[in-house]
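Enquirer: Structure, please.
(chains A and B)
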Amino acid sequence: MSGLSIDKLSMRFDLPDGGAVQALQDVSIDLKAGELLSVLGPSGCGKTTLLNIVAGFLAPTSGVMTLNGHQITGPDAERGMVFQQGALFEWMSVRENVGFGPSMKGMPKNNKKEIVNHLLDVVGLQDFKEKAVYELSGGMQQRVALARCLANDPDVILMDEPLGALDALTREKMQSLVLKLWKETGKTIILITHSVEEALLLGERLIVMAPRPGRIHKEYRLPFAELGVNADLREVKKHPEFGPRREEILNMIWDMEEEIMGTKEDAA
Amino acid sequence: MIPLLMYVAIFVVAFFLVTKVVSGVAAKDYTSLKTVTFGDESAVRPNRAAGIISILTIFLMWGVFTGSKLLPEFLHAPGPFLGTTEFTYTAQAEGQAPDDATVTVLVFPRETPADAPGVDPGDGFAKNDSVAIAQWRTGLVNVSRNDEISKADGARVIAINGKKIAPGETVKTANGSVTLSDKGTPNFAPSKGWQMEPLYLPAPEEVWTRTLQIASEGFRNFTLWEHLGYSLFRVVVGFLLGALVGIPLGYAMGLSNWFRGWFDPIVEFMRPVPPLALIPLVIIWAGIGEAGKIILLFLAALWIMAIAARSGVSGVKISKVHAAYSLGASKWQIMRYVIIPNSLPEIFTGARVAMGVCWGTVVAAELVAAEQGAGMMIMTASKFQNTDIVIMGIILIGVIGFGIDMLMRAAEKFLVPWKGKG
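Expert: Okay, the predicted model is just below:
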């Protein structure tokens, strides 16, 4: 029973005006250990809610999640999270941020130092380890966030639009880094994104979600992530299957958006 | 009115002199190259020359209008009249032709009292008079005292310097003015010039001398340093106690529904109550000793610190807390490593406000009742019309308040360098 299993997850928020929002309905995902899943969907489809439930920050109204055979009931070090931005601790240096998880566990100093140094090498921030995090650029900060998450050696890494706030060039470099880390560490990764290209590049598996209620619309199994591990991502984009897939998913999302606009106009 | 005009004139003249004539030497940094400065607050930097001139102007005006010895004589505003002057009065009595007589007035400096000069009585039923008046004072001139026909016999003063005058009216004379009292006695007021009387505003050097004197001799059984030290001691102890209780209270309010519900009404009610309004109650309860002062300052700091800590907790980005939880932190570790450091900038801001409020409150409390302290010093001095001590006290209180704020800022910069960087 290794891996993450999400079974018929539903989430319903009550609104103060008496109404309710069905954020998620019967979402089921089975993820084997070491799989890389990207989740894509128009805004309001509940993808961040899904991630928060898996992380344990929210309790679902119904449904069961298990990780390696035990049920998920709250946040835990076994599920690391990388946020879009602003989740680093600005009162700590880069080194202290990366070493936060091991410190919380009370790991001996030497072991911690070794892990932190190794990860700083991996993300290429060895020269910046004594800097304050607010002195780093956005891309560097996200590399710190990745390293901080990995330092804790979680079974699953949850990424909530981790590259959404970065510029296009930095973003591409970070995408390569994510693929490299995925292959090297063998972690199970769930990545939320609103970029179709990123979802294709970083999704061994790809789930497209539909809104109202939030549900799984379509699932793909893609070759691009595996290709991207050892190749330039720009080369991967030239793959004959890449363009058509992108068009297909873009159209799918456009249709959903139009549907939302349509229902809104009907309501008006 | 004249001092204000003078101040505005200096402001305007200095502005043109500094900006139009001298400004060519300004450094060409990035901000100086901005073409849009009106509306761009970040491009507004205090003009250092203006700051220096501003302070100098205050001392200059202070010196000019108090006749300060630090300034050359020609810069002084016209001072009060000193020396001898005279005016004539015309007395009338029934059955007599009106008769003129001269009054000689000697205005003497207050520190060297003088007698009225001797004068020749002259002829007619009204005799010449003389009187000595201290500088800044006025003097009733009982002109009919030596006259052949006195007021009791029906003599009346009907004119001064040949100008008709009735009781209540005033006639200008050389170096002063004469007002006829309701009972018909002339009252001579030497001209005061434009300077301030030392009773209202002593010259800067007098304040300085008095400061040195108080610093070496003390004031009311306590040295100057004891007075200031007592005030500071009360502020520091009151503030520390307030912070000691207020910060945990604020954290509890930021972390627990029950605490929030329980203390919100109390804190929200006490916050707008000015600490000064508590002084009477605190005096009733705890008297005018140290305990009362410290309780008052404790209350002044308590709500500010509680609110600062509460908003420090609510200012924690939830993603940071989530991140810490999914990195395996316990509740205690979240408190220690996330919530407390994240709320420190807010707490420091609160501490700065609280220290300022406490300083103001302690002075006010000492004004009302105290054995020692900066506020007591100026209040007691004002009762004895020692304006120089009052001004010295105000300046020292300002300097200390400013110093406290500077220290807090420096501590903030040193201890929470991440402020505003999250």
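Enquirer: buried residues in stretch B:171-191?
Expert: B:171, B:173, B:175-180, B:184-186, B:188-191 (16 or more other CB atoms under 10 Å in any protein chain shown). (C-beta placed from N, C-alpha, C; glycine too.)
Enquirer: Over to stretch A:34-48?
Expert: For stretch A:34-48, the neighbour count (16+ other CB under 10 Å) marks A:34-42, A:44-48 as buried.
Enquirer: So B:Glu226 versus chain A, what's the distance?
Expert: Applying CB to the nearest CB, to the nearest Å, the value for B:Glu226 to chain A is 41 Å.
Enquirer: coming back round to it: so of the buried residues of stretch B:171-191, which ones are in strands?
Expert: B:Val171, B:Thr173, B:Gly176, B:Ser177, B:Val178, B:Thr179, B:Leu180, B:Pro186, B:Phe188, B:Ala189, B:Pro190 (DSSP state E).
Enquirer: List the buried residues in stretch A:173-184.
Expert: A:Met174, A:Gln175, A:Ser176, A:Leu177, A:Val178, A:Leu179, A:Leu181, A:Trp182, A:Lys183.
Enquirer: Now do whichever strand or helix holds the first one: distance to the chain's middle.
Expert: To tie it back to what came earlier, the one meant is A:Met174. Counting by DSSP states H and E, the element that carries A:Met174 is helix A:168-185. Centroid separation between helix A:168-185 and its chain, computed with CA atoms, centre = their mean, to the nearest Å, is 13 Å.
Enquirer: so what does the helix or strand following that helix touch, helix or strand wise?
Expert: Counting by DSSP H and E, the element after helix A:168-185 in chain order, helix or strand, is strand A:188-193. For strand A:188-193, the packing partners by 3 or more CB pairs under 8 Å, 6 or more residues apart in numbering or on different chains; DSSP states H and E come out as strand A:36-40, helix A:47-55, strand A:156-160, helix A:168-185, helix A:196-201.
Enquirer: returning to what we had before: the helix holding A:Met174 packs against which elements?
Expert: helix A:138-151, strand A:188-193, helix A:196-201, helix A:224-230, helix A:233-236.
Enquirer: As JSON lines, these with mean pLDDT, distance to B:Val416 and mean neighbour count would be great.
Expert: Output for the helices and strands packed on helix A:168-185, formatted as JSON lines (pLDDT from 0 to 100; distance: least, CB to CB, whole Å; neighbours: other CB atoms under 10 Å in any protein chain shown):
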{"stretch": "helix A:138-151", "mean pLDDT": "92", "distance to B:Val416": "20", "mean neighbour count": "24"}
{"stretch": "strand A:188-193", "mean pLDDT": "92", "distance to B:Val416": "33", "mean neighbour count": "25"}
{"stretch": "helix A:196-201", "mean pLDDT": "90", "distance to B:Val416": "37", "mean neighbour count": "23"}
{"stretch": "helix A:224-230", "mean pLDDT": "84", "distance to B:Val416": "42", "mean neighbour count": "18"}
{"stretch": "helix A:233-236", "mean pLDDT": "85", "distance to B:Val416": "41", "mean neighbour count": "14"}
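Enquirer: Tell me, how many residues neighbour residue 131?
Expert: Because you didn't say which chain, this covers chain A. Neighbour count of A:Lys131, defined by other CB atoms under 10 Å in any protein chain shown: 15.
Enquirer: You answered for a different chain; I wanted chain B.
Expert: B:Val131, neighbours per other CB under 10 Å, totals 18.
Enquirer: Output the longest helix belonging to chain B.
Expert: helix B:224-255 (DSSP state H).
Enquirer: Get me the contact residues on chain B for chain A.
Expert: By CB under 8 Å from any CB of the partner chain, the part of chain B that sits against chain A consists of B:317, B:319-320, B:322-330, B:333, B:337-338, B:341-342, B:344, B:416-418, B:421-422.
Enquirer: Assign a three-state SS to A:Ser28, would you?
Expert: strand (DSSP: H, G, I helix; E, B strand; the rest coil).
Enquirer: List the residues that contact it.
Expert: A:Ile6, A:Asp7, A:Lys8, A:Leu9, A:Ile216 (CB atoms under 8 Å, 6 or more residues apart in numbering or on different chains).
Enquirer: Any chance of those residues in a markdown table with secondary structure as columns?
Expert: A markdown table is the format used below for the contacts of A:Ser28 (three-state DSSP):
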| residue | secondary structure |
| --- | --- |
| A:Ile6 | strand |
| A:Asp7 | strand |
| A:Lys8 | strand |
| A:Leu9 | strand |
| A:Ile216 | strand |
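Enquirer: which one is the residue in the stretch 151-268 of chain A positioned nearest to chain B nearest to, not counting chain neighbours?
Expert: When scored by CB to the nearest CB, the stretch 151-268 of chain A has A:Asn152 as its residue closest to chain B, at 5.3 Å. Leaving out its chain neighbours, the residue that sits closest to A:Asn152 by CB to CB, 6 or more residues apart in numbering or on different chains is A:Gly101, at 3.1 Å.
Enquirer: Checking that neighbour next. Helix, strand or coil?
Expert: helix.
Enquirer: Closest to B:Leu302 out of the buried residues of stretch A:173-184?
Expert: Checking those against B:Leu302 by CB to CB gives A:Met174 as the nearest, at 48.1 Å.
Enquirer: surely that closest one meets A:Arg143?
Expert: Yes - if you go by CB atoms under 8 Å, A:Met174 and A:Arg143 touch, sitting 7.3 Å apart.
Enquirer: tell me the contacts of the residue of the stretch 51-200 of chain A found nearest chain B?
Expert: Using CB to the nearest CB, the closest approach of the stretch 51-200 of chain A to chain B is made by A:Ala77 at 3.1 Å. By CB under 8 Å, 6+ apart, the contact set of A:Ala77 is A:Gly101, A:Met104, A:Lys105, A:Asn152, A:Pro154, B:Ser326, B:Leu327, B:Gly328.
Enquirer: re earlier: take the buried residues of stretch A:34-48 and write them to JSON lines, including pLDDT and distance to B:Phe59.
Expert: Below are the buried residues of stretch A:34-48 laid out as JSON lines (pLDDT from 0 to 100; distance: CB to CB, whole Å):
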{"residue": "A:Gly34", "pLDDT": "89", "distance to B:Phe59": "78"}
{"residue": "A:Glu35", "pLDDT": "90", "distance to B:Phe59": "78"}
{"residue": "A:Leu36", "pLDDT": "92", "distance to B:Phe59": "74"}
{"residue": "A:Leu37", "pLDDT": "93", "distance to B:Phe59": "75"}
{"residue": "A:Ser38", "pLDDT": "93", "distance to B:Phe59": "72"}
{"residue": "A:Val39", "pLDDT": "93", "distance to B:Phe59": "71"}
{"residue": "A:Leu40", "pLDDT": "91", "distance to B:Phe59": "71"}
{"residue": "A:Gly41", "pLDDT": "86", "distance to B:Phe59": "71"}
{"residue": "A:Pro42", "pLDDT": "84", "distance to B:Phe59": "69"}
{"residue": "A:Gly44", "pLDDT": "79", "distance to B:Phe59": "67"}
{"residue": "A:Cys45", "pLDDT": "84", "distance to B:Phe59": "70"}
{"residue": "A:Gly46", "pLDDT": "86", "distance to B:Phe59": "70"}
{"residue": "A:Lys47", "pLDDT": "86", "distance to B:Phe59": "68"}
{"residue": "A:Thr48", "pLDDT": "88", "distance to B:Phe59": "63"}
